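1. Let's see this in three dimensions:
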Amino acid sequence: MRSIWRRGAVIAALVLATAFVAVPAQADTAEVYLGNAAGRALDLSVLGNKLTFGSAAATASSVLTAKANAAGQLAVPSTVSEASATSASPDSSSREQCGPAVLPEQTGGLLSAGLACSSSIAQIKDGLPLASGEGSVASIDLHADKVLGTIIQPVALELKGVLDALPGLDQLPVPITSTVGNLLDALDQTETLAVRIGKTTTDATAQKQIVTSSSSAAGGQVDILPQGGLNGLPVASIIIGDAHAVSTYDRSTGASTAKYTPAIATIRVSTPALSQEIPVTVGQTVCILDGTPLKSCVIAGDGSTSTAGGKSVAVADGVKLDLLQGVSGGVVLELAHAEAGVEGTPASKASPIAAPKSLPRTGGLPLWPLALGVVALAASTRRLARR
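-> Next comes the predicted model:
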């Protein structure tokens, strides 16, 4: 019996000593990643009002969450969709949500809009997250014929006289004098501006090897005086290309990449005096119909990427249209913007750290608790052994 107690005392002392001098091994580090994407089809500013149409966003993360949200028109609940998935609830989707766009009363009936729609999906599939959102609006139209009629007549003769006196008009890429008369005649006879917009799609997905975030904002077409040009064509059409942004993260190497394709534009002018196609390249600004209330400028965007180890971001700028500058402050459209980003750190397995051979004499844990513990255990064991 005494032998058992003695052995117990020795073991207890060793356990206590180990508690003070052992150094725990470093913990393994779990993999971490995050992908997110966002985009919008159209930001519209008119008469001091700013409206956003066709927006979407998606996020996927290593904690097994996936989220997506989209809107045909922001601030209009009937056009908004959301989806969120976790490992406990792995499948979530919102069917297409559609409703009429809501236009501010301050626009005074100048604007009309088609149906705005969105849809969202979020899933955890095979232990990996994915999310997708999509937003769109069918059309935006500006009916400014009444406003134009009140400002055209007082300036028409003066405008034509000024234009006739300008030198070198025959060498301009878009001759002005020969088109002004036709434009002025058509202004009060047709719809002023028609905007047809594409949809925005965002995706964030984790796969076995990579995490990908992508955003695509489809362009569209903007027609100025849709039926006022040659053979019933628009006086001017601005065709907007798509904007794309993609970022990827390699789960095995921890490296990331980013790339973008900015939206560019093409202007088509069709009047009895002129039929011309004008490309607008990245970063370029081109103005048409100068000297008229319909002066409009097209500013093609560019984009950017940034990469630092496991983190990368791609941004594809859209096309900005500053249209109808002589009509009640004009209309500003920003179309087809996309951005995508990823970041992550691979899993790592840490090596255990060996316990030091002796405790340092300064700093660290003191030795007296260990000594007291051993003495107390020895005394207790001796008393038990005598019984």
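2. Low-confidence regions, the stretch 1-150 of the chain specifically.
-> 1-27, 108, 144-150 (pLDDT under 70).
3. just the strands in it please.
-> 32-46, 49-61, 65-73, 80-86, 91-100, 111-113, 115-125, 128-137, 139-142 (DSSP state E, counting those that start in this stretch).
4. What is the last one packed up against?
-> Applying 3 or more C-beta pairs under 8 Å, 6 or more residues apart in numbering; DSSP states H and E, one finds that strand 139-142 contacts strand 32-46, strand 111-113, strand 193-197. Placement of C-beta: from N, CA and C, glycine included.
5. What strands line up against the longest one, and which way round?
-> In other words, strand 32-46. strand 49-61 (antiparallel), strand 331-345 (antiparallel) (DSSP bridges).
6. for the chain, what spans make up the helices?
-> Secondary structure of the chain (DSSP state H): helices located at 2-21, 145-164, 177-186, 368-386.
7. rewinding a little: as JSON lines, the strands of the stretch 1-150 of the chain with mean neighbour count and distance to residue 226 would be great.
-> Converted to JSON lines, the strands of the stretch 1-150 of the chain look like this (neighbours: other C-beta atoms under 10 Å; distance: least, C-beta to C-beta, whole Å):
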{"stretch": "strand 32-46", "mean neighbour count": "24", "distance to residue 226": "17"}
{"stretch": "strand 49-61", "mean neighbour count": "24", "distance to residue 226": "19"}
{"stretch": "strand 65-73", "mean neighbour count": "27", "distance to residue 226": "23"}
{"stretch": "strand 80-86", "mean neighbour count": "20", "distance to residue 226": "30"}
{"stretch": "strand 91-100", "mean neighbour count": "16", "distance to residue 226": "21"}
{"stretch": "strand 111-113", "mean neighbour count": "19", "distance to residue 226": "13"}
{"stretch": "strand 115-125", "mean neighbour count": "23", "distance to residue 226": "19"}
{"stretch": "strand 128-137", "mean neighbour count": "27", "distance to residue 226": "18"}
{"stretch": "strand 139-142", "mean neighbour count": "20", "distance to residue 226": "9"}
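8. Indicate which one of these is closest to residue 330.
-> Residue 330 lies closest to strand 32-46 among the strands of the stretch 1-150 of the chain, at 8.0 Å (C-beta to C-beta).
9. The closest one to strand 128-137, inter-axis angle?
-> Going by axes from the mean of the first three to the mean of the last three C-alpha atoms, to 10 degrees, strand 32-46 is angled at 0 degrees with respect to strand 128-137.
10. Which residue ranges of the stretch 251-387 of the chain form strands?
-> Taking DSSP E, counting those that start in this stretch to define them, one finds strands in the stretch 251-387 of the chain at 256-261, 265-271, 274-280, 285-288, 296-300, 303-308, 311-316, 319-323, 331-345.
11. Would you mind finding the most buried of these?
-> strand 331-345 (a mean of 25; mean count of other C-beta atoms under 10 Å).
12. Kindly export it (C-alpha atoms) in PDB.
-> Output in PDB follows, covering the C-alpha atoms of strand 331-345 (Å, rounded to 0.1, in the frame of the first residue of the first chain):
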ATOM      1  CA  VAL A 331     -28.800  64.000 -68.400                       C
ATOM      2  CA  VAL A 332     -25.700  62.100 -67.000                       C
ATOM      3  CA  LEU A 333     -25.600  58.400 -67.500                       C
ATOM      4  CA  GLU A 334     -22.800  56.100 -66.000                       C
ATOM      5  CA  LEU A 335     -23.100  52.700 -67.600                       C
ATOM      6  CA  ALA A 336     -21.500  49.300 -67.200                       C
ATOM      7  CA  HIS A 337     -19.300  49.400 -64.100                       C
ATOM      8  CA  ALA A 338     -17.800  46.100 -62.700                       C
ATOM      9  CA  GLU A 339     -15.400  45.200 -59.900                       C
ATOM     10  CA  ALA A 340     -14.100  41.900 -58.400                       C
ATOM     11  CA  GLY A 341     -11.700  41.000 -55.600                       C
ATOM     12  CA  VAL A 342     -10.300  37.900 -53.900                       C
ATOM     13  CA  GLU A 343      -7.900  37.300 -51.000                       C
ATOM     14  CA  GLY A 344      -6.700  34.300 -49.100                       C
ATOM     15  CA  THR A 345      -4.000  32.400 -47.200                       C
END
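13. Tell me who's in contact with the residue lying closest to residue 72 once chain neighbours are set aside.
-> Computed as C-beta to C-beta, 6 or more residues apart in numbering, the closest residue to residue 72 that is not its neighbour in sequence is residue 116, at 2.7 Å. For residue 116, the contact set (C-beta atoms under 8 Å, 6 or more residues apart in numbering) comprises 53-54, 71-73, 76, 79, 98-101, 135-138.
14. before we move on, what about residue 72?
-> Per C-beta under 8 Å, 6+ apart, neighbours of residue 72: 53-54, 79-80, 97-99, 101, 115-118, 135-137.
15. Out of those, the closest to residue 291 would be?
-> residue 53 (31.2 Å).
16. The closest residue to the closest one other than its chain neighbours bridge partners, please.
-> Once flanking residues are discounted, residue 53 sits nearest to residue 137: 4.0 Å by C-beta to C-beta, 6+ apart. Residue 137 forms beta bridges with residue 116, as assigned by DSSP bridges.
17. Please apply the same query to residue 92.
-> In this entry, residue 92 is beta-bridged to residue 122, by DSSP bridges.
18. was I right about it contacting residue 122?
-> Yes: assessed by C-beta atoms under 8 Å, residue 92 is found in contact with residue 122 at 4.7 Å.
19. shared neighbours, those two?
-> Joint contacts of residue 92 and residue 122 (C-beta under 8 Å, 6+ apart) are 83, 84, 85.
20. Against residue 204, how distant is the second one?
-> Computed as C-beta to C-beta, to the nearest Å, the residue 84 to residue 204 distance reads 13 Å.
21. what do the two both touch?
-> 66, 68.
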